[in-house]
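Enquirer: structure for this input, please:
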Amino acid sequence: MRLEAFFEKFELFADAPNAVAKMRELVLQLALNGTLIGLDSSRWECIQLGRLGEWGSGGTPLRSEPTYYGGVIPWLVIGDLNDGIVTSASTFITEEGLANSSARVLPEGVLLIAMYGSIGKLGITGIECATNQAIAFCKPNPEQVDLRFLFHTLKAIQPALLARGQGLAQKNISQTILKAWEISLPSLAEQKRIVAKVDELMALCDRLEAQQQERDTRHAALARASLTRFAEAPTPANLDFLFHKSCPITPADLRKTILTLAVQGKLIPQDPNDEPTEELLARIERDRNWIAKEQGVRLPKNVPALAAEGYPHDIPESWQWSRIGHLALVIDYGTSQKADSNSSKVPVYRMGNIVGGRLVDTNLKYVDASIDDLPGLYLKTHDILFNRTNSYELVGKSGIFRGPDDSATFASYLIRIRLPSALLFPAFFSLAMNAPYFRETQIEPEVIQQCGQANFNGTKLSSTVVPVPPLAEQRRIVSKVDQLMALVDQLETQLATSRAAAEMLMEVVVAELTGQQVEIAA
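Expert: Numbering: from 1, shown residues only. Prediction:
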């Protein structure tokens, strides 16, 4: 395939990750081996960068001397480099600062390259300026090398330069490494032909990138409108529309929207024939003590009364707010017994087993059934597990146990919430605890950072508030959420498959152009 045809078929690869960036890399790769304009690079000269011009680096005037700064001499730091023509500086120094440092004024047309941190970041001086010592410069010998050819060459070897970085706190390379680096150098006439072609194709990449950005802007506006449409009518048909190629809302955002609509009572219509939540809560208050006694558990203590106002969001008139501690039979911590990998013992769910609001059975650990914590810490079907400590981002993860009673336990850095399943549908409250409002308004304001870890204890969890719909509506909401989430999962898989196909197609075409081998998965 011709390279031009590759560009013409860009839409086939546009969904591949970093498609334009990969096209730029391909252009430079083909330029440096001569393929771009049909040259034989085996006849090119192998030469060190240090032999192609005058090399040096800048300097920094003494920071504590105010008379050295605020002058008229542009003084570049790495942040001023833009992988293009540099025409402005964020800092200026005075003639006195220049004279009292190793900085020097460079003319236009000098190649700049970062040696610290952003190793290999480039610039070409478009103004007279000085630099600090973190930037090396090369005044190329115009009889040997074209400035733009040298620029494109260094851009192409940027990943290799970055890999040579040394140091712990900040990676860096030296001028010694730079000047000793060998490149293949065609004749000056061939360099100019290569540069002309590279610049032509890079300009095309710029246009493609601009088109993508314009498309993304339009798609973002469409996505917002489509998300509003879905919020007003959260049907599978509208959800499918959100996954249209022209409306790239992320699955994560869709899941958040579904959960938000669910806990706001907007996902399904209310049924006036449902038992009023007020009556449901009265039954819970009346029967919870008896159920706890029957199960041999202690109800949460000292749960504050519900506030009269200031709830996280509006809910339907038929719903009520309640504290988790007023609903739960149990809010307790797990076992601190040391676990091992002997799968013949009792499985222990840990923080890593809570994924996307679900409990998964990967990488389980196990404890002996004879430990003192059992049978009291055996899980029951529909127990909810909440992660109470770790990094800030991980505190608050929760998932519901769906295995059989008395078949597993849980670790001490998790909190178990057991609800009276005869009176409430626990899956709804697991859903609510994974909704954005719960983390944003109930968890984050109360998290405490201690010794590098975030913590949220059982007392605070007891005080968190959740919406309570009628019991029948709880079941209908969970059913609708499951239906929509399954569709999101399905469409996410389709999206991933489409992107993977685009990436594979791009790799195959790149391999054809470069003569590489590509393994295609079965």
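Enquirer: look at residue 375 and report its pLDDT.
Expert: Here the pLDDT value assigned to residue 375 is 93.
Enquirer: just give the closest residue to it, not the sequence neighbours.
Expert: residue 406 (6.5 Å; C-beta to C-beta, 6 or more residues apart in numbering). Every residue, glycine included, has its C-beta placed from N, CA and C.
Enquirer: am I right that that neighbour sits in a helix?
Expert: No: Residue 406: not assigned to a helix; according to DSSP: H, G, I helix; E, B strand; the rest coil it is coil.
Enquirer: tally of neighbours for it?
Expert: Counted with other C-beta atoms under 10 Å, residues neighbouring residue 406 total 14.
Enquirer: just the CA trace of whichever strand in the chain runs longest, in PDB.
Expert: The strand that spans the most residues within the chain, counting by DSSP state E, is strand 69-76. What follows is strand 69-76, C-alpha atoms only, in PDB (Å, rounded to 0.1, in the frame of the first residue of the first chain):
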ATOM      1  CA  TYR A  69      15.700  38.900  36.100                       C
ATOM      2  CA  GLY A  70      13.000  41.000  34.500                       C
ATOM      3  CA  GLY A  71      15.000  42.200  31.600                       C
ATOM      4  CA  VAL A  72      14.500  42.000  27.800                       C
ATOM      5  CA  ILE A  73      16.400  38.800  27.000                       C
ATOM      6  CA  PRO A  74      14.000  35.800  26.500                       C
ATOM      7  CA  TRP A  75      15.300  33.000  28.600                       C
ATOM      8  CA  LEU A  76      13.900  29.600  27.800                       C
END
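Enquirer: still on that earlier bit, show me what contacts the residue nearest to residue 375?
Expert: Applying C-beta atoms under 8 Å, 6 or more residues apart in numbering to residue 406 gives the contacts 375, 378-380.
Enquirer: sorry, back to before: so which bits of the longest strand of the chain are buried?
Expert: 69, 71, 73-76 (16 or more other C-beta atoms under 10 Å).
Enquirer: model confidence over that strand, on average?
Expert: Rounded mean pLDDT across strand 69-76 is 96.
Enquirer: gap between it and the chain center?
Expert: Relative to its chain's centre, strand 69-76 lies at 38 Å (C-alpha atoms, centre = their mean, to the nearest Å).
Enquirer: what's the first helix or strand after it?
Expert: strand 85-86 (DSSP states H and E).
Enquirer: strands paired with whichever helix or strand comes after that following strand, and their directions?
Expert: Using DSSP H and E, the helix or strand that follows strand 85-86 towards the C-terminus is strand 91-93. Using DSSP bridges, strand 91-93 pairs in its sheet with strand 69-76 (antiparallel).
Enquirer: need the residues that contact the strand it pairs with.
Expert: Taking C-beta under 8 Å, 6+ apart as the rule, strand 69-76 contacts 58, 61, 86, 88-89, 91-98, 103, 105, 112, 123, 127-132, 135.
Enquirer: next step: the residues you listed restricted to helices.
Expert: Mapping these onto helices (DSSP state H) picks out 95-98.
Enquirer: nearest residue to residue 130 other than its sequence neighbours?
Expert: residue 103 (4.2 Å).
Enquirer: that neighbour: how many residues sit nearby?
Expert: Counted with other C-beta under 10 Å, residue 103 comes out at 24.
Enquirer: which residues touch it?
Expert: 58-61, 75, 93, 97, 130-132.
Enquirer: hmm, try it at 6 Å
Expert: Applying C-beta atoms under 6 Å, 6 or more residues apart in numbering to residue 103 gives the contacts 58-59, 130.
Enquirer: for it, what are phi and psi?
Expert: Main-chain torsions, residue 103, degrees, to the nearest 10: phi -70, psi 150.
Enquirer: how near is it to residue 60?
Expert: Using C-beta to C-beta, to the nearest Å, residue 103 is found at 7 Å from residue 60.
Enquirer: element containing the spatially most central residue of the chain?
Expert: The chain has residue 252 as the residue nearest its centroid, 10.9 Å off, counting by C-alpha atoms, centre = their mean. If you go by DSSP H and E, residue 252 is part of helix 251-263.
Enquirer: go on, residue 265?
Expert: Residue 265 belongs to no helix or strand, assigned by DSSP H and E.
Enquirer: ok, now residue 207?
Expert: With DSSP H and E as criterion, residue 207 is part of helix 188-232.
Enquirer: which other helices and strands contact that helix?
Expert: helix 19-32, helix 147-156, helix 236-242 (3 or more C-beta pairs under 6 Å, 6 or more residues apart in numbering; DSSP states H and E).
Enquirer: so for residue 417, which of those sits nearest?
Expert: The closest of these to residue 417 is helix 236-242. By C-beta to C-beta, the value is 29.7 Å.
Enquirer: from residue 393, how far off is the residue nearest to the centre of the chain?
Expert: 14 Å.
Enquirer: then stretch 46-56 to PDB, C-alphas only?
Expert: Coordinates of each C-alpha in stretch 46-56 appear next as PDB, following Å, rounded to 0.1, in the frame of the first residue of the first chain:
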ATOM      1  CA  CYS A  46      26.800   6.900   9.600                       C
ATOM      2  CA  ILE A  47      27.800   9.900  11.700                       C
ATOM      3  CA  GLN A  48      27.700  11.100  15.300                       C
ATOM      4  CA  LEU A  49      25.400  14.100  16.100                       C
ATOM      5  CA  GLY A  50      28.400  15.900  17.600                       C
ATOM      6  CA  ARG A  51      30.000  16.200  14.200                       C
ATOM      7  CA  LEU A  52      27.000  17.900  12.600                       C
ATOM      8  CA  GLY A  53      27.400  21.300  14.300                       C
ATOM      9  CA  GLU A  54      28.300  23.400  17.300                       C
ATOM     10  CA  TRP A  55      26.800  22.000  20.500                       C
ATOM     11  CA  GLY A  56      26.400  23.600  23.900                       C
END
